[in-house]
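J.: what shape does this take:
(chains A, B and C)
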Amino acid sequence: MQETISLIIEIIGTIAFAISGIRLAAAKDFDWFGAYIVGLVTAIGGGTLRDILLDTTPFWMVNGWYLTVTGLSLLYVILFRKQLVRLNSTFFLFDTIGLALFVVIGVQKTLDFDYPMWVAIVMGMITGAFGGVVRDILINEVPLIFRKDIYGTACIAGGLVYWLMIELGTSILLQQISCITVVVVIRLLAVRFNWYIPVLKNVENLKQ
Amino acid sequence: MQETISLIIEIIGTIAFAISGIRLAAAKDFDWFGAYIVGLVTAIGGGTLRDILLDTTPFWMVNGWYLTVTGLSLLYVILFRKQLVRLNSTFFLFDTIGLALFVVIGVQKTLDFDYPMWVAIVMGMITGAFGGVVRDILINEVPLIFRKDIYGTACIAGGLVYWLMIELGTSILLQQISCITVVVVIRLLAVRFNWYIPVLKNVENLKQ
Amino acid sequence: MQETISLIIEIIGTIAFAISGIRLAAAKDFDWFGAYIVGLVTAIGGGTLRDILLDTTPFWMVNGWYLTVTGLSLLYVILFRKQLVRLNSTFFLFDTIGLALFVVIGVQKTLDFDYPMWVAIVMGMITGAFGGVVRDILINEVPLIFRKDIYGTACIAGGLVYWLMIELGTSILLQQISCITVVVVIRLLAVRFNWYIPVLKNVENLKQ
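T.: Okay, here's the model as predicted:
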């Protein structure tokens, strides 16, 4: 039951991430191939870096559905392009829930490899946020999460709450639900109330 | 005999890939060091990512000639700069044959690690096409293969034909020659008849 | 004693690299989170790629102080922003000494894995220079070291001298001190006398 729910959320998250990549690729006049690759990298890039750092086989190489789901996401964007804008808030919600689950997956997998909790929190953030960074590099833009949005910080907050729940001796299910809740709530509140991280003031005009 | 032919083609492909990187670096006023690195990354970047994903030692770390050949390519561009433009169609041919062989190497190496065929096809494409993507990231351009050129798709078509020949029970040599032929023919036809992948229509003006 | 000195130099180098990333991030209006990530990647990016290529656990995943030191560097930039410009030459010196030590660490670690010396020299350069390349990719600029600065080449020169001292049968300490000295002296002389690597002349106006 829990596995089924997890899988459904992971598929929803993968679709939301892939569509975010495909839409940004479309805005840059990428062809279908380029859009597919950008969508795929957005969806699997974070987990791939995590698995390389953990020195384990990247998750999408042992299960083909990530590539399939990305293909279906591309097909959906091609066919139902005009409906997408109206669904923006739905996609934002999917993206946020997917992000939260990706953090949980990253933390859990790292702990399974017996790393300390601080490494797991870093890996949770990488799993959730790094795909979007590679997406922005591929479309030749400054990564969005470095300049606005409470995104990476929501991942870290979720990881810290995960840690707290472990220290409190709660069940794994409660640890994971707490983490997901914190990521989702922080991100929703941040968008609703326009929270942001302070911008670093420029030190000099000279490039170093 | 077959190994000798493979090695000669691989060297030709490495030179063609390295020179493509060096020329684009030159267009961006890179110095010799920068041009060398961009040429090297273009030539070995795809195979390096493949080997990291397969969790094996990157091929260029066990055989020094890739670094040497890239150095000779740089020397050639420095000395015979003016002749390069006249040789454009020769380089295009070398680049295409090199691409095709890189796909075969990527597919074969992945199958040797007992991955399923669909992973091998992805690795064939990564081996052939990813070096050019990193090249374009390093020179701060949107990757070319995402916006024009039948390039990544030719790699995938070659991989699919490889698969077909395996399923038909043909010899390894025939599998590899078929793959190479398909990649080369598709790429030549695509350039000759101006084939392209459809561009994805922009979904919105807003950046997400 | 030697370990303590090494550790102090490594911390100084990490701080210098992190601050260079944070300052460039500030010039691009990154928020604190983005600046932290760019600073961190500048400091640990080279060693991380090295460790992935060597197929060993990335160094910062077994010792938390790299993340802490980067956090303190960010705090320092936030609090003492105005004093930074006056300290430019101090930071340049720290950066140079850090670079030299990073090269030594990269060479030594690679030799410990029984790779030949030419691989170790490449890894020394990657350890020293690759962090700055990723930094420039993240802020969406053409990597600085490809267009000016004797930087990567100083790393290679240091690696070659390391090799020479090994061939001469000197002690490890002398090998390392020679390498550090060469990197530092070349970089200081290069800046003082405005040395540069020749720029590659543009081959064509056409993009490939």
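J.: and the residue lying closest to A:Arg135 once chain neighbours are set aside, how far is that from C:Cys179?
T.: Spatial nearest neighbour of A:Arg135, excluding adjacent residues (Cβ to Cβ, 6 or more residues apart in numbering or on different chains): A:Thr42 at 4.2 Å. Bear in mind the C-beta positions are built from the backbone N, C-alpha and C, glycine included. Distance of A:Thr42 to C:Cys179, given as Cβ to Cβ, to the nearest Å: 41 Å.
J.: so which bits of chain A are right by chain C?
T.: Residues of chain A lying close to chain C by Cβ under 8 Å from any Cβ of the partner chain are A:52-53, A:55, A:115-116, A:118-119, A:122, A:133, A:137, A:140-143, A:145-148, A:152-153, A:196-205, A:207-208.
J.: just the ones of those residues in helices?
T.: Secondary structure assignment by DSSP state H places A:52-53, A:118-119, A:122, A:133, A:137, A:152-153 of the residues of chain A next to chain C in helices.
J.: and the pLDDT for the closest residue to chain B within chain A?
T.: Among the residues of chain A, A:Gly34 lies nearest to chain B; the distance is 2.7 Å by Cβ to the nearest Cβ. If you check A:Gly34, the pLDDT there is 94.
J.: what packs against the helix or strand containing the residue nearest to A:Arg135?
T.: In this structure, A:Thr42 sits in helix A:32-53 according to DSSP states H and E. In terms of contacts (3 or more Cβ pairs under 8 Å, 6 or more residues apart in numbering or on different chains; DSSP states H and E), helix A:32-53 is packed against helix A:2-27, helix A:65-79, helix A:88-112, helix A:117-138, helix B:32-53, helix B:152-167, helix C:32-53.
J.: again, only this time at 6 Å
T.: Packing partners of helix A:32-53 (3 or more Cβ pairs under 6 Å, 6 or more residues apart in numbering or on different chains; DSSP states H and E): helix A:2-27, helix A:65-79, helix A:117-138.
J.: ok, of the ones you listed, where does mean pLDDT dip lowest?
T.: Of all the helices and strands packed on helix A:32-53, the minimum mean pLDDT falls on helix A:2-27 (a mean of 88).
J.: how far off centre is that helix?
T.: On the basis of Cα atoms, centre = their mean, to the nearest Å, helix A:2-27 sits 9 Å off its chain's mean C-alpha point.
J.: helix A:32-53 and that helix, what's the angle between them?
T.: Interaxial angle, helix A:2-27 versus helix A:32-53 (axes from the mean of the first three to the mean of the last three Cα atoms, to 10 degrees): 130 degrees.
J.: show me what helix A:2-27 packs onto, helices and strands only.
T.: helix A:32-53, helix A:65-79, helix A:88-112.
J.: need those in CSV with mean neighbour count, can you?
T.: Below are the helices and strands packed on helix A:2-27 laid out as CSV (neighbours: other Cβ atoms under 10 Å in any protein chain shown):
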stretch, mean neighbour count
helix A:32-53, 25
helix A:65-79, 18
helix A:88-112, 21
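J.: make JSON lines from the ones you listed and add distance to C:Ala16 to it.
T.: Compiled in JSON lines, the helices and strands packed on helix A:2-27 are given as follows (distance: least, Cβ to Cβ, whole Å):
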{"stretch": "helix A:32-53", "distance to C:Ala16": "24"}
{"stretch": "helix A:65-79", "distance to C:Ala16": "40"}
{"stretch": "helix A:88-112", "distance to C:Ala16": "29"}
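J.: closest to C:Val103 out of those helices?
T.: Among those, helix A:32-53 comes nearest to C:Val103, with 22.9 Å by Cβ to Cβ.
J.: using CSV, write out every CA atom in the closest one.
T.: Only the C-alpha atoms of helix A:32-53 are listed here, as CSV (Å, rounded to 0.1, in the frame of the first residue of the first chain):
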residue,chain,number,x,y,z
TRP,A,32,11.4,17.4,-29.8
PHE,A,33,14.6,15.6,-29.2
GLY,A,34,16.2,18.4,-27.3
ALA,A,35,13.0,18.9,-25.3
TYR,A,36,12.9,15.2,-24.4
ILE,A,37,16.5,15.3,-23.2
VAL,A,38,16.0,18.5,-21.1
GLY,A,39,12.8,17.0,-19.6
LEU,A,40,14.6,13.8,-18.8
VAL,A,41,17.5,15.5,-17.3
THR,A,42,15.2,17.7,-15.1
ALA,A,43,13.4,14.6,-13.9
ILE,A,44,16.4,12.2,-13.3
GLY,A,45,19.4,14.6,-13.1
GLY,A,46,19.3,15.0,-9.3
GLY,A,47,18.9,11.3,-8.5
THR,A,48,21.6,10.5,-11.0
LEU,A,49,24.2,12.8,-9.4
ARG,A,50,23.2,11.4,-6.0
ASP,A,51,23.7,7.8,-7.2
ILE,A,52,27.1,8.7,-8.8
LEU,A,53,28.2,10.3,-5.5
